[in-house]
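Peer 1: Need a 3D model of the sequence below.
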Amino acid sequence: MGKNQTVKEFARHYDGLELLTRTNESITLGDLYKKKVTGKTHLEFFGYNIAFKIGISPVEAESLKKKLRGVKNQSGSFAGISIKDSFSANAALSIPSVNVKLDGIVARSKVLGFEIGEIKTKVLRDGLRLEIETAIEQLKMIRPKEYRKKLKRLFIAEQLFYSESVKITIAKDFEIDVDAVFAETFGKVSAGVDSHKNQVFTITGSQYPFAVDLRRVKDFI
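Peer 2: Next up, the predicted model:
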């Protein structure tokens, strides 16, 4: 039996969980982020992976990033979990992981909800984590000023979340322009109806993460 959670309920399990407002298939474990506050806190990709900031050679860094990108998705404890929510709190009316933007196309009151299903995750752990921890420790000892200035306060992606499917429910009395909404969607789109005859659009096959679990680098080791 699957378990449905809201976005907030899912996020409570992770101190550093952030829903991605922008995403692409190049997002990788070990990517570095900073949190900026301009009215409210928002996430900003720093532009580098941790592999290139821990004092190892460019060849070693490329090799490490390749290994980080090669980590496989796993279901683990997420098997059967789905995230269901209303769009009422989502000002952008968008789901970046499948590149769907409803704002300006579908009236807010007609978007009844969305569901992120069949969650899988990539986790930074075991040998790869130890390799990075060791390099950070060495950087702290050999080049402490560089560590403090360029790395200490950044956040590292230690877990990425993906979904096998995304469902969007739109009121039955709204005539949707399917081409306009799903023209650039990442994945395959299928249409159906629910028990109330509302329109249900299911997107499958996206390889883009929808969320990231972050840890401050100074707390990573």
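
Peer 1: Sort out which residues of the biggest helix by length in the chain are buried, please.
Peer 2: Counting by DSSP state H, the longest helix found in the chain is helix 126-142. Going by neighbour count (16 or more other C-beta atoms under 10 Å), the buried part of helix 126-142 is 128-129, 131-132, 135-136, 139-140. Bear in mind the C-beta positions are built from the backbone N, C-alpha and C, glycine included.

Peer 1: how close does the residue nearest to residue 97 when sequence neighbours are not counted get to residue 101?
Peer 2: Spatial nearest neighbour of residue 97, excluding adjacent residues (C-beta to C-beta, 6 or more residues apart in numbering): residue 210 at 3.6 Å. According to C-beta to C-beta, to the nearest Å, residue 210 and residue 101 sit 15 Å apart.

Peer 1: in this structure, which spans are helices?
Peer 2: Under DSSP H, the chain gives helices at 7-11, 58-69, 126-142, 144-150, 178-182, 217-220.

Peer 1: Go ahead and confirm residue 21 touches residue 96.
Peer 2: Yes. Counting by C-beta atoms under 8 Å, residue 21 does reach residue 96; the two are 6.0 Å apart.

Peer 1: okay, the two: which has more neighbours?
Peer 2: Set residue 21 next to residue 96 and count neighbours by other C-beta atoms under 10 Å: residue 96 wins out with 19 against 10.

Peer 1: Would you mark the buried spots in stretch 157-174?
Peer 2: So stretch 157-174, judged by 16+ other C-beta under 10 Å, has buried residues 157-171.
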